[in-house]
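Trainee: everything below, folded, please.
(2 chains)
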2 protein chains.
Amino acid sequence: MILEVATLDVIPGKAHEFETAFAKASEIIASMPGFISLQLQHCIESQSRYLLLVKWQKLEDHTRGFRESPEYQEWRKLLHHFYDPFPTVEHYDLVLEK
Amino acid sequence: MILEVATLDVIPGKAHEFETAFAKASEIIASMPGFISLQLQHCIESQSRYLLLVKWQKLEDHTRGFRESPEYQEWRKLLHHFYDPFPTVEHYDLVLEK
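Mentor: Below you'll find the model as predicted:
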């Protein structure tokens, strides 16, 4: 299992619209092979900032399976125009849990 | 419930030592009032990068309860010398889970 992590800085004033679009987009990603779960978190200190955490069975489920799918084009259309700057995405392995 | 999030950039070459120290330090934070759970995640793309995710019952359990405690001084002693640069910590509220 791997964790996809992206800090999403949304254009100020667009937060509500982004959350509505994200709710729709989350249906798309949740239907993909290898998807386990996701959380969208909202930053307390920076009102325009969100954190996306997605658990995938393996790295390629995200980097190839999802990103190279027709569904990803829908995801992009729904969400990418909200971001400034465009987010960096990283992947993580669990070291320790408590 | 809130999520504490910190990207931890560890001095190159110190990753193994950091993970050992973190295992010890995690006992300290896990004993604090309001602590729910934590994950230490290791970045696949950047070998010196970790992500710390800590769930607290409320913001003040971290910002006051833990940070103003004697236990925090132990935590600092164990971990802070591994970081370069020193990490920024943010807190998040859950918007959507799937």
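
Trainee: near chain B, which residues of chain A?
Mentor: A:2-3, A:5, A:19, A:22-23, A:26, A:30, A:37-46, A:49-51, A:53, A:59, A:90-98 (Cβ under 8 Å from any Cβ of the partner chain). For the C-beta atoms, the positions are set from N, CA and C on the backbone; glycine is no exception.

Trainee: list only buried entries from those residues.
Mentor: A:2-3, A:5, A:19, A:22, A:26, A:38-43, A:49-51, A:53, A:90-92, A:95 (16 or more other Cβ atoms under 10 Å in any protein chain shown).

Trainee: thinking again about what came up before, what about the residues of chain A next to chain B, which are in helices?
Mentor: Of these, the ones assigned to helices by DSSP state H are A:Glu19, A:Phe22, A:Ala23, A:Ser26, A:Ala30, A:Leu59.

Trainee: hang on, the earlier thing: keep only those of the buried ones among the residues of chain A next to chain B that are in strands.
Mentor: Applying DSSP state E to these, the entries found in strands are A:2-3, A:5, A:38-43, A:49-51, A:53, A:90-92, A:95.

Trainee: report pLDDT for the spatially closest residue to A:Val5 that is not a sequence neighbour.
Mentor: Excluding its sequence neighbours, the residue lying closest to A:Val5 (Cβ to Cβ, 6 or more residues apart in numbering or on different chains) is A:Glu90, at 5.1 Å. Looking at A:Glu90, its pLDDT reads 98.

Trainee: repeat that for A:Lys98.
Mentor: Predicted confidence (pLDDT) for A:Lys98: 95.

Trainee: how about A:Tyr50?
Mentor: 98.

Trainee: that one contacts A:Val5, correct?
Mentor: No: look at A:Tyr50 against A:Val5 with Cβ atoms under 8 Å: they stay out of range, at 11.6 Å.

Trainee: next, work out how far apart A:Ser26 and A:Leu38 are.
Mentor: Per Cβ to Cβ, to the nearest Å, A:Ser26 is found 6 Å from A:Leu38.

Trainee: okay, and the common contacts of the two?
Mentor: B:Leu96, B:Lys98 (Cβ atoms under 8 Å, 6 or more residues apart in numbering or on different chains).

Trainee: okay, buried residues for stretch A:27-36 please.
Mentor: For stretch A:27-36, burial by neighbour count (16+ other Cβ under 10 Å) applies to A:Ile28, A:Ile29, A:Met32, A:Gly34, A:Phe35.

Trainee: what does that stretch contact?
Mentor: A:1, A:38, A:54-58, A:60-62, A:65-66, A:69, A:71, A:74-75, A:78, B:98.

Trainee: please redo it, this time with the cut-off set to 6 Å
Mentor: Applying Cβ atoms under 6 Å, 6 or more residues apart in numbering or on different chains, the contact partners of stretch A:27-36 are A:Lys55, A:Trp56, A:Gln57, A:Asp61, A:Gly65, A:Phe66, A:Glu71, A:Glu74, A:Trp75, B:Lys98.

Trainee: which among those residues end up buried?
Mentor: Neighbour counting by 16+ other Cβ under 10 Å classes A:Lys55, A:Trp56, A:Asp61, A:Gly65, A:Phe66, A:Glu71, A:Trp75 among these as buried.
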